[in-house]
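A.B. asks: here is the input, now give the coordinates:
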Amino acid sequence: MRAPRSVFACTSCGAQSPKWLGRCPDCGAWNSFEEEVATPAPPVAGPMRGSPGRPGAQARLYADVDMVQAERISTGIGEFDRVLGGGLVPGSLVLLGGEPGIGKSTLLLQAAARFAQQTGPVLYCSGEESEHQIKGRGERLGVGQAPLYLLAETCSERILEEVQRLRPALLIVDSIQTVYSTTLQSAPGTVGQIRETATQLLFAAKSGNLPTVLVGHVTKDGALAGPKVLEHVVDTVLYFEGERHHTHRVIRAVKNRFGAVSELGVFEMTGSGLQPVPNPSALFLAERQPGAPGSAVLCCMEGSRPILVEVQALVSSSVYGSARRTTNGIDPQRLALLLAVLEKRAGLNLAGEDVFVNVAGGFTVDERAADLGIVAAVVSSLRNKPVRDGTAMFGEVGLAGEVRATGQSLLRVREAAQMGFTRCIVPMGNARPAAPEEPGGGCTVVGVRAVADALDEVIGWD
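C.D. replies: Numbers count the residues shown, from 1 in each chain. Model prediction:
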């Protein structure tokens, strides 16, 4: 009997090779090939195996498609619904990834319990914990007598059998890396197993109109483990982020076929589970010290939500041969660009200074509107002069030293006014003063055209 043939598959993109390669020729990833047992595809007879459509399904006219069955279903957690775009779409496949111990299982167990109480039965499948372990967490979270079914199983065929028997309104699989299919001989977590089990769950979700949530592991780099094709299979990709030394957690949507991407949901980790935070600005500014040099308040946008965060900077003389640039929460390359603009356009000498920039609270800001806040914090620390009281700001800084307009300026100004700020430094292109009767009308809007003008309004540096 001939031994089974083995192939090497890329864990990043799923490409296969008959021998091990140091670099994947398709996606360019290094050291990503793992050995798997090649399994021939079964013969296909009649309709395609695992087809998501109904037997004998026919094309339907666009005008005849009924949208009643596609209405969103609330999970019972407002912040979770916000990131999903308003709730779960029937038949959708959602992938939730995050660091180990960040709270993925806690969040999904809370959502499963509330979903079961409001909508219908939920099947929670876990390949990492037993029913007793899940029940112990549920007792701590206060899960009541909801129709919540627990299944400790790693075989995808067995999971689908339980789905057919129970007919749940929601399916949760924790996690996809532990599930395997009997049609393949490779171990759970390999590229072939992840692709096969995810496809089986996708077909079950689409054919049964069953919303399904998958939990995914992440790699050392913070990306979802497994082939990239997994992110293309699912409808929504969510990242659960946070730091162990902070109590808040953040969910970001990086892909959503049924809603806006870059939406944000903020939670606070407590002894009774994850609690939604309705006002993230108050959370991130709670420990801010007014009048401290090197501190500036930035108005940033996360999806459709404006959030005020504190940007802190520390500039000190370098005692080594080369100055250090250390960041936390912003792109270090962006900081280097802004420091070069300050040297060239504002006449500041920062070449021999160590610059440390931090977004307080462990928050991450990746939009260009944060430039003005970063520049103000750096110059405030350099001159040891605090930012004027009650001042918030936003705006993109160009290479010529100009301050460029950004989107959704009115929402940013409204959020600053609601948090008690009286002045908002904005690009001249966004300097439309708000009427007194409008939300945010009590906040004075100051438009600036260049970095020098902005610094003069922020700290009076001239």
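
A.B. asks: count of residues packed around residue 406?
C.D. replies: For residue 406, the neighbour count with other C-beta atoms under 10 Å is 23. In short, each C-beta sits where N, CA and C put it, glycine included.

A.B. asks: residues in contact with it?
C.D. replies: Residue 406 makes contact with 367, 368, 369, 394, 395, 396, 427, 430, according to C-beta atoms under 8 Å, 6 or more residues apart in numbering.

A.B. asks: list the residues that contact the spatially most central residue of the chain.
C.D. replies: By C-alpha atoms, centre = their mean, the chain has its centre lying nearest to residue 252, at 2.3 Å. For residue 252, the contacting residues are 83, 238, 239, 241, 262, 263, 264, 302, by C-beta under 8 Å, 6+ apart.

A.B. asks: mark which of those residues are buried, thanks.
C.D. replies: Among these, those scoring as buried are 83, 238, 239, 241, 262, 263, 264, 302 (criterion: 16 or more other C-beta atoms under 10 Å).

A.B. asks: what sits against the fourth one?
C.D. replies: In this structure, residue 241 makes contact with 98, 99, 102, 249, 250, 251, 252, 364, judged by C-beta under 8 Å, 6+ apart.

A.B. asks: give me the subset of the residues you listed lying in strands.
C.D. replies: Residues of the contacts of residue 241 located in strands (DSSP state E): 98, 249, 250, 251, 252.

A.B. asks: the third one touches residue 361, doesn't it?
C.D. replies: Just to be clear, that refers to residue 250. No. Using C-beta atoms under 8 Å, residue 250 is not in contact with residue 361; the gap is 10.0 Å.

A.B. asks: more neighbours: these two, which one.
C.D. replies: residue 250 (25 against 20).

A.B. asks: show me how far the longest strand along the chain is from its chain's centre.
C.D. replies: Counting by DSSP E, the longest strand found in the chain is strand 305-317. Distance, stretch centre to chain centre, for strand 305-317: 21 Å (C-alpha atoms, centre = their mean, to the nearest Å).

A.B. asks: same check, this time on stretch 384-404
C.D. replies: That offset, for stretch 384-404, works out to 27 Å (C-alpha atoms, centre = their mean).

A.B. asks: now the end-to-end length of it.
C.D. replies: Length of stretch 384-404, first residue to last, C-alpha to C-alpha, to the nearest Å: 27 Å.

A.B. asks: just the mean pLDDT for the lengthiest helix in the chain, thanks.
C.D. replies: Looking across the chain with DSSP state H, the single longest helix is helix 191-208. For helix 191-208, the mean per-residue pLDDT is 91.

A.B. asks: what's the helix or strand that it is followed by packed up against?
C.D. replies: Next in sequence after helix 191-208, counting helices and strands by DSSP states H and E, comes strand 212-216. The contact analysis (3 or more C-beta pairs under 8 Å, 6 or more residues apart in numbering; DSSP states H and E) places strand 212-216 against strand 93-98, helix 104-118, strand 170-174, helix 191-208.

A.B. asks: nearest to residue 340, of the ones you listed?
C.D. replies: Of all these, strand 93-98 sits nearest to residue 340, with 35.2 Å by C-beta to C-beta.

A.B. asks: show me where the stretch 151-300 of the chain has strands.
C.D. replies: Taking DSSP state E, counting those that start in this stretch as the test, the strands found in the stretch 151-300 of the chain are 170-174, 212-216, 236-241, 248-256, 264-270, 273-276, 295-302.

A.B. asks: for the stretch 201-350 of the chain, which residues score under the pLDDT cut-off?
C.D. replies: Residue ranges of the stretch 201-350 of the chain with pLDDT under 70: 220-222, 225-227.

A.B. asks: just checking, residue 276 touches residue 266?
C.D. replies: Yes. Using C-beta under 8 Å, residue 276 is in contact with residue 266, at 7.4 Å.
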